[in-house]
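**Q** Got a sequence here, can you model it:
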Amino acid sequence: MFDHVASRYDLMNALMSGGMDRLWSAAMRTAVGAVPGETILDLAAGTGASSASLARSGARVVACDLSEGMIEVGRRRHPGIEFVQGDATDLGFPDDSFDAVTISYGLRNVVDTRAALSEMARVTKPGGRLVVCEFSTPPNPAFRRLYRFYLGAVIGTLARVASSDEVAYDYLVESILAWHPQEDLGRLIARSGWERVEYKDLTGGIVALHRAYKPRS
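**A** Purely as a prediction, here's the structure:
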């Protein structure tokens, strides 16, 4: 499915979010706090837009995605980024390899969320950090109803007009509505080998940033 939407993936993200994806990306980059000399793993990196954003810090970024189609497009668009095909639940990296691991809008697509979070902890250095940027649940009931209307009415229309795979965006809506609320995801992260878990709502809770750290011992 993701292979089929790779060529228009970044365009659709911008259209569906009304350009807010750039603000969310900037918030994710700030939360990661990458600095020169660090090595960052960007999971579910897609075409590498998030990886390129992180690389502007001077850190080395490894972009990892399961989709060959996404990686192919990403390598053309960002030739300076290292792309690796990989499964978030079975990462092909040694223990304690990365200063930080991040995943944007991809954790809800993993079949076994806890296994993926545990794998992320395994490959992160002690004291290293995790940042999850994911669609979430607006806490305000009125705004939540408006957001769900937008998902059902507007996303479908945009997909029919601009997407190369309308079914993929039906899945997008379903996966967002079925995903964990902020507090539940925080508890799941804490049970998967991470500590000092915190989260921040973006745009009224449409997106949430979760940050956590790997214990030093």
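
**Q** pull the CA atoms of the helix ranked longest in the chain into CSV?
**A** Ranked by residue count under DSSP state H, the longest helix found in the chain is helix 141-162. As requested, C-alpha coordinates have been extracted for helix 141-162 and formatted as CSV (Å, rounded to 0.1, in the frame of the first residue of the first chain):
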residue,chain,number,x,y,z
PRO,A,141,-15.1,16.9,23.1
ALA,A,142,-16.4,19.6,20.7
PHE,A,143,-13.0,19.8,18.8
ARG,A,144,-12.8,16.0,18.8
ARG,A,145,-16.2,15.8,17.0
LEU,A,146,-15.1,18.4,14.5
TYR,A,147,-11.9,16.6,13.8
ARG,A,148,-13.7,13.3,13.3
PHE,A,149,-16.0,15.0,10.8
TYR,A,150,-12.9,16.3,9.0
LEU,A,151,-11.4,12.9,8.9
GLY,A,152,-14.5,11.3,7.4
ALA,A,153,-15.6,14.0,5.0
VAL,A,154,-12.6,16.0,3.9
ILE,A,155,-9.8,13.3,3.8
GLY,A,156,-11.9,11.1,1.6
THR,A,157,-12.5,13.9,-0.8
LEU,A,158,-8.8,14.9,-1.0
ALA,A,159,-7.9,11.2,-1.5
ARG,A,160,-10.3,10.9,-4.5
VAL,A,161,-9.0,14.1,-6.1
ALA,A,162,-5.2,14.0,-5.4
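
**Q** and it, what other elements does it pack with?
**A** Under the contact definition 3 or more C-beta pairs under 8 Å, 6 or more residues apart in numbering; DSSP states H and E, helix 141-162 sits against helix 9-17, helix 166-178. (Glycine included, C-beta is placed from N, CA and C.)

**Q** For the helix or strand following the shortest one, give the mean pLDDT please.
**A** Once helix 9-17 ends, the next helix or strand along the chain (criterion: DSSP states H and E) is helix 20-32. Per-residue pLDDT over helix 20-32 has a mean of 94.

**Q** And the strands in this structure, which stretches?
**A** Secondary structure of the chain, counting by DSSP state E: strands at 39-43, 60-65, 82-85, 98-104, 124-135, 195-202, 207-213.

**Q** tell me which residues in the longest one are buried?
**A** Counting neighbours by 16 or more other C-beta atoms under 10 Å, one finds that the buried residues in strand 124-135 are 124-125, 128-135.

**Q** can you tell me which residue is nearest the centre of the protein?
**A** In the chain, the residue lying closest to the centroid (C-alpha atoms, centre = their mean) is residue 104, at 1.1 Å.

**Q** how much space between that one and residue 142?
**A** Going from residue 104 to residue 142 by C-beta to C-beta, to the nearest Å gives 27 Å.

**Q** helices and strands of the chain: which one bottoms out on pLDDT?
**A** Of all the helices and strands that make up the chain, the one with the lowest confidence by mean pLDDT, DSSP states H and E is helix 2-5; it has a mean of 57.
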